[in-house]
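Peer 1: below: sequence and its predicted model.
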Amino acid sequence: MMLWTVKAVGLGVVALALSLELLAWFLRRHRSGRTLNEVLFFPSELACVEQVFNPSSPHFPSSCSPSCPLPHGVETSFSRLLRRILSATSSLDLCVFSFSNMDLRRAVLALQSKGVTIRVLTDKEYAAITGSQIGVLRKAGICVRCDTASVYMHHKFAVVDSRLLITGSLNWTLTAVQSNKENILITEEPELVQPFIQEFHRLWVDNDPARHRYRASEPR
Ligand SMILES: [Zn+2]
């Protein structure tokens, strides 16, 4: 009788250990396979973003001047946003009403120098305003198309590597990042990413300058 009890308890312990192992495996698997979803609110705390651009320097980035007055090693909404943009390895499709933020310009140019294919779609009127970085992007050889419709091209979204969607109220301006109350949703959910890819494609084709030349020569 005693022996049976010992055997039963032993088996119970083995079963418990196995099920715990199974649970741990399941949780690990579940966690690593989770779709990325992130929400950011602005205005962002002010902090130095040198480390985002140069992640190899662990503490005080060497590229940052010793007199840099900004806090370091602080994770902010803006540093998170920058990191997501800089995660692009093959493509960045950007559809934004207003683009004047220097750090975001730097991020786009950094991606371009890494060989990432960049397409920018923006509003015709806002591309021409003072402080707009659209001209700088164009000069750097980035493909930019301006929406020529009579209404504003008011979208603010980006698709990274045809996989990650960044969308919300935030224009790519300093005021939006540092002063305004804004929101950003970052997601890898295919059901949400796909319609934005399609919308970008539609607007990109619609605003092909070659197409407009053709249209202009059509009889009215
Ligand atoms: Zn700094």
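Peer 2: Looks like it came in fine.
Peer 1: what residues sit buried inside stretch 114-127?
Peer 2: 116, 118-124, 126-127 (16 or more other CB atoms under 10 Å). C-beta: built from backbone N, CA, C; applies to glycine.
Peer 1: again with stretch 187-196
Peer 2: Using 16+ other CB under 10 Å as the test for burial, stretch 187-196 gives 187-188, 193, 196.
Peer 1: which single one of those is nearest to H155?
Peer 2: F196 (8.9 Å; CB to CB).
Peer 1: now the element after the worst-scoring helix or strand of the chain on mean pLDDT, going C-ward?
Peer 2: Least confident helix or strand of the chain, by mean pLDDT, DSSP states H and E, is helix 2-32 with a mean of 65. Going down the chain from helix 2-32, the next helix or strand is strand 37-42, by DSSP states H and E.
Peer 1: given that following strand, what are its sheet partners and their directions?
Peer 2: Strand 37-42 pairs in its sheet with strand 182-187 (antiparallel), by DSSP bridges.
Peer 1: enumerate the residues of the chain near the ion.
Peer 2: 48, 50, 64, 68 (CB under 5 Å from the ion).
Peer 1: let's go with 8 Å and repeat that
Peer 2: With CB under 8 Å from the ion as the criterion, the chain meets the ion at residues 48-51, 60-61, 64-65, 68, 70, 72.
Peer 1: would you mind measuring from A128 to the ion?
Peer 2: According to CB to the ion, to the nearest Å, A128 and the ion sit 32 Å apart.
Peer 1: one more: V120?
Peer 2: Counting by CB to the ion - V120 and the ion are separated by 28 Å.
Peer 1: S87 too?
Peer 2: Distance from S87 to the ion, by CB to the ion: 22 Å.
Peer 1: hang on, the earlier thing: got a winner among the residues of the chain next to the ion for most neighbours?
Peer 2: V49 (23 neighbours; other CB atoms under 10 Å).
Peer 1: pLDDT score assigned to that residue?
Peer 2: At V49, the model reports a pLDDT of 92.
Peer 1: so who does it touch?
Peer 2: Contacts for V49 (CB atoms under 8 Å, 6 or more residues apart in numbering) come out as 78-79, 82, 103.
Peer 1: this protein: helices as residue ranges?
Peer 2: According to DSSP state H, the chain carries its helices in the segments 2-32, 50-53, 77-86, 102-113, 124-127, 134-139, 174-178, 190-206, 209-216.
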